[in-house]
Structures are given as C-alpha cells and as structure tokens.
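Student: mind folding the following:
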Amino acid sequence: MKLVKTLSAVAVIAVLSACSASKKEPQPVKSEKTVVYSCNKRAVTVTYQFENQEATEAKVVMRKKVIAESLPVSNVDKDFPSFISDKYIWSVDSGFSLNTATATDGVMLTQRGKKVDRILAKNCKVNAKATARANQ
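Tutor: Numbers count the residues shown, from 1 in each chain. Next comes the predicted model:
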C-alpha cells in the first residue's frame, strides 16, 4: 500500500512539474553595423543597432563629431525608416534591414528647429569602401 501511495505521489509531482515547465522565449540576436555615406561630398557615418533583422537605433557622426548618440527608430513613416529624437531626424531608403544596411542609401539628416528644420545632409549614397573598412 505504501508503494502505491509513493508511486502516486511521484506521478503527481512529475505531472505537475511537466505542466509548470515554461518554454523560454528565444532571445533576440543583437548586432551592430556601421555605414559610411557620402552626402553631397560630406561624410556621414552611422552605426546602427539591430535586434534580429530590425533596426532599433542609430548613432550619427558628421565631421568627426557625434551629432546624435542614440536615435531610436520610429515607425511613423512606413515608406522611409527614420530614426528620430527631439533634435534630429535621420531617414534611410525603403527596404532597410540588417541584411541590406550596407547597400541602402540614406535620405536625409535634419536638425529640428523651433520654426523651421535645417537639412544637415541629403542625397546620401553608401561609400562601399569606407563602409567595408569600418566593419572589419
């Protein structure tokens, strides 16, 4: 009789522990990519942070000066992915992801103003050689 009670208790514990075991969610893969753009003969370097294939933020450097340390991605404009803070907006061409970052051109870097925004860089094309060096 004791054996039956012991086996019943063990079976109940096994069933309960199997039910309570939660599946762990896969952790997002975080990565970083740097892209060097030529914007009307002006160099702009952007370091992007990614989770899986999606960009999460960007660091923008122009004339060896950090313009924006951490611009979070905004999903306001579905056509052109943008990284927006209260002071700056960095926009890139459509189709931007981890796999296409080093081949996707930038659209414009804008400094927000009280009345009028100021364009700091536009027509930004990927500088493939400088980008390859930056990612070594």
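Student: which regions of this protein sit below the pLDDT cut-off?
Tutor: 1-23 (pLDDT under 70).
Student: okay, and the beta partners of the residue nearest the centre of the chain?
Tutor: Computing the C-alpha centroid of the chain and ranking residues by Cα atoms, centre = their mean puts residue 55 first, at 2.2 Å. Note on residue 55: beta-bridge partners residue 50, judged by DSSP bridges.
Student: that one reaches residue 99, doesn't it?
Tutor: No - under the criterion of Cβ atoms under 8 Å, residue 55 makes no contact with residue 99, lying 11.4 Å away. (C-beta placed from N, C-alpha, C; glycine too.)
Student: hey, what's residue 82 bridged with?
Tutor: On DSSP bridges, the residues paired with residue 82 through beta bridges are residue 74, residue 91.
Student: might one say that it is in contact with residue 58?
Tutor: No - shown here, residue 82 and residue 58 do not form a contact pair, counting by Cβ under 8 Å, at 9.5 Å.
Student: need the residues touching each of the two.
Tutor: Between them, residue 82 and residue 58 share these contacting residues under Cβ atoms under 8 Å, 6 or more residues apart in numbering: 73, 90.
Student: no further queries at this time; thank you.
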